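*Asks:* Structure for this input, please:
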Amino acid sequence: MVSIRYTLAAAAALFGVANADLSILAPGGPNLWWVASSTNTLLWTCKDSQYQNFTILVANSNPSILSAPQAIIAVQNNYDCSKTITDSQSGYPPATGYTVQLANPLNSTEIYAQSQEFEIKPLGSAYPASSA
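*Replies:* Below is the predicted model of the structure:
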């Protein structure tokens, strides 16, 4: 009886994760970067997600760049599907290894979605081609 209960709980957990379908489309990967201290775009899937809102965090895999994820937007509505990130919100040092995380507004360690790693290029750099 106990193993059936755990199996049902595991199946419910998997269904919840599979049902989430929230993912970050940009930035991420080698062809979709941000430019430091400039207006940038964040784009995510939103139509099939169970999450109504989230906190937007920026993180870096190198702790000497960012020691912990930093919130740039406290509460963002999911239905918007994209957000213009202002120059003051993207004032991070040029480097590789950045990710954007969409997290629970009440518990930022609960990550709903995370982008692929991307680069923040120096101020004045060209933006990615729109076809990227």
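*Asks:* Can you name the residues in contact with stretch 75-84?
*Replies:* The contact list for stretch 75-84, computed with CB atoms under 8 Å, 6 or more residues apart in numbering, reads 22, 39-47, 49, 51-56, 73, 102, 105. Using the backbone N, CA and C atoms, a C-beta is placed for each residue, glycine as well.
*Asks:* Just the helices from this structure, written as ranges.
*Replies:* Applying DSSP state H to the chain gives helices spanning 2-20.
*Asks:* longest single strand anywhere in it?
*Replies:* The longest strand of the chain (DSSP state E) is strand 95-104.
*Asks:* Note down every partner strand of that strand and its orientation.
*Replies:* The strands beside strand 95-104 in its sheet (DSSP bridges) come out as strand 53-60 (antiparallel), strand 107-114 (antiparallel), strand 118-121 (antiparallel).
*Asks:* what are the C-alpha coordinates of it, in CSV please?
*Replies:* Extracted in CSV, the C-alpha atoms of strand 95-104 (Å, rounded to 0.1, in the frame of the first residue of the first chain):
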residue,chain,number,x,y,z
ALA,A,95,30.7,38.2,-19.0
THR,A,96,29.5,34.8,-20.1
GLY,A,97,27.6,32.3,-17.8
TYR,A,98,24.5,34.4,-17.2
THR,A,99,21.0,32.9,-16.9
VAL,A,100,17.6,34.3,-16.3
GLN,A,101,15.4,32.5,-13.9
LEU,A,102,11.6,32.8,-13.4
ALA,A,103,10.9,32.0,-9.8
ASN,A,104,8.1,31.8,-7.3
